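Enquirer: Model the structure of this input:
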Amino acid sequence: IKSICNCVIDYENDSFNKFSTLSLTTNSIELDPIYIDIDSIEIEGRYNDDIIKKSEKIQKKIKKSNKGLTILCGERGVGKTTLVKHICNKIDRMTIFIPNTMVDLVINGPDFKNFINKFEKVIIVIDDCEFLSSNHPMSKINPFTNNILQLVDGFLSDNLNLQIILLFNEI
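Expert: Sure thing, here's the model as predicted:
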C-alpha cells in the first residue's frame, strides 16, 4: 500500500491526439491518428479579414453548442481545408476526418452511432462533398443527407454531441 501511495501519475504532459481519421477492420471501426503541423495552419496573412472573422464566428458557435452542422463552400484550392484545420485546432474537441470514400461504409453504416457515442463532443469533418450534389453522377443525397441530419438533429443527437463540418468544392 505504501508503494502505491507513493506512485504519482502525471497526466499533465499527456495529450490525446486531436486529429484522427477512421479506418475499418474486419470487426470494428477504429481511429488512426493524423499528425498535423499546428504551426503550418496559421491563418493570419493567408485570408482576408472577413474570412478570419467568419472563422472566429464558427469557432464560437461550435464551442457554445454540443451539436450542429457547418458547411463551407468554395473553389478548389482556396484553403477551405486549412481553414477547417485551424478552426478545429482552436477548439478543445477531438476532430475526426472521414474520407468521402468511406461515407457509405461509416456514416451510413449501422455501427457508426455506437462507435461515435464512445466519445464526448466530437467534430466530424468530411472534405470534397460535391459527390452529394444532385447533379453529380455519383450522387448519394438521400441516405447521406438523412443520416447527417439524424446525427445532428434526430432522436439520438442529444446523446451524440456531434459537430459536423462539410466542405464542398464549387463545380
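Enquirer: Poorly predicted segments of this protein, please.
Expert: 1-17, 132-142, 171 (pLDDT under 70).
Enquirer: and the longest helix seen in the chain, how far out from the chain's middle?
Expert: What stands out as the longest helix in the chain, according to DSSP state H, is helix 49-64. From the chain centre to the centre of helix 49-64 is a distance of 16 Å (Cα atoms, centre = their mean, to the nearest Å).
Enquirer: before we move on, what about stretch 76-88?
Expert: 12 Å.
Enquirer: Stretch 86-106 too?
Expert: Worked out by Cα atoms, centre = their mean, stretch 86-106 lies 3 Å from the chain centre.
Enquirer: Also stretch 110-122?
Expert: 12 Å.
Enquirer: Could you measure from the closest residue to residue 157 other than its chain neighbours over to residue 53?
Expert: Setting aside the residues directly before and after it, residue 157 is nearest to residue 67 in space (Cβ to Cβ, 6 or more residues apart in numbering), at 5.3 Å. Placement of C-beta: from N, CA and C, glycine included. Here residue 67 is placed at a distance of 24 Å from residue 53 (Cβ to Cβ, to the nearest Å).
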